[in-house]
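>>> I need the structure of the sequence given here:
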Amino acid sequence: MRNNLPLYLALVLLTQCSKCKNDPRPRDPAAALPPATQTGANTFGCLVNGQPYTPKGNNGTSNLYILYDAGFRGGALGIQTYRIDGNRRQYLSIDMAPVTTTGIYSFARPAGICTANYADTPGVANGCNLIYSDQDVAYRSGQLAITKFDTRNRIVSGTFSFKLLQAGCDTLKVTQGRFDAKL
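Here you go, the predicted model:
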């Protein structure tokens with residue numbers, strides 16, 4: 001028994017040390033997003049159902065495209081992104097009009113353009129991988145906050161969050177969204 005005591009102590013010590021290595025602290029998914037800036041940094045990020053989403057990959061076009069057209073519907077802002085990861089392709093876009101200055105714009109407003117769209121392919125065959133806020137959506141809410149709207153230096157920045165519910169599908173929750181781009 002006495003001869004085995006050092007062996008038992010060594011085993012206890014090893015098991016305690018291995019617990020430390022296998023006990024990672026939970027990481028904040030928002031830490032993977034770009035910071036919210038207002039410099040025209042050409043960044044975009046959000047959490048889609050709690051998972052980080054940033055533009056990634058290349059299909060021959062830019063994975064982040066932000067356009068402002070002052071002559072369309074009193075000022076239309078379009079944000080288009082995609083993320084390619086292996087066979088999975090995700091697309092997220094926001095269109096809002098009229099946008100003429102900084103402020104809060106609602107996805108629930110009845111007038112103008114106020115859409116948020118999300119696609120995830122390949123997805124489930126029941127149609128829940130394509131959600132367009134202006135088609136077949138039972139519920140939508142959220143806001144786009146334009147925090148910098150500088151037409152002289154051609155910079156637009158802001159934050160956003162929204163929820164979309166399509167009948168027969170889980171609610172799509174987009175939170176902690178931010179973008180900063182040169183137009």
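
>>> from here on, contacts and neighbour counts on C-alpha atoms
OK.

>>> Could you measure from the closest residue to residue 36 other than its chain neighbours over to residue 54?
Taking C-alpha to C-alpha, 6 or more residues apart in numbering as the measure, residue 36 lies nearest to residue 178, with 5.8 Å between them; neighbours along the chain are not counted. Applying C-alpha to C-alpha, to the nearest Å, the value for residue 178 to residue 54 is 10 Å.

>>> shared neighbours of the two, which are they?
Both residue 178 and residue 54 are contacted by 44-46, under the criterion C-alpha atoms under 8 Å, 6 or more residues apart in numbering.

>>> Most neighbours of all those, which one?
Using other C-alpha atoms under 10 Å as the contact criterion, the top neighbour count among the shared contacts of residue 178 and residue 54 goes to residue 44, which has 27 neighbours.

>>> Just grab the bridge partners of it for me.
Taking DSSP bridges, one obtains residue 179 as the residues bridged to residue 44.

>>> what's the closest non-adjacent residue to residue 34?
For residue 34, the closest residue by C-alpha to C-alpha, 6+ apart turns out to be residue 45, at 6.2 Å.

>>> do residue 78 as well
The shortest distance from residue 78 to any non-neighbouring residue, by C-alpha to C-alpha, 6+ apart, is to residue 95 (4.5 Å).

>>> try residue 168
Of all residues beyond its chain neighbours, the one nearest residue 168 is residue 128 (7.8 Å), with distances taken as C-alpha to C-alpha, 6+ apart.

>>> Surely that neighbour touches residue 165?
No: when contacts are counted by C-alpha atoms under 8 Å, residue 128 is not listed as touching residue 165 (9.8 Å).

>>> Would you check how far apart residue 107 and residue 113 are?
To residue 113, residue 107 is 9 Å away according to C-alpha to C-alpha.

>>> Equivalent analysis for residue 69, please.
With distances defined as C-alpha to C-alpha, the gap from residue 69 to residue 113 amounts to 13 Å.

>>> neighbour count winner among those two?
Under the neighbour definition other C-alpha under 10 Å, residue 69 and residue 113 were set side by side, and residue 113 has more, 18 against 15.

>>> Mind pulling up the pLDDT for residue 34?
According to the model's per-residue confidence, residue 34 sits at a pLDDT of 95.

>>> and it, helix, strand or coil?
Under the three-state scheme (DSSP: H, G, I helix; E, B strand; the rest coil), residue 34 adopts coil.

>>> so who does it touch?
For residue 34, the contacting residues are 43-45, 178, by C-alpha under 8 Å, 6+ apart.
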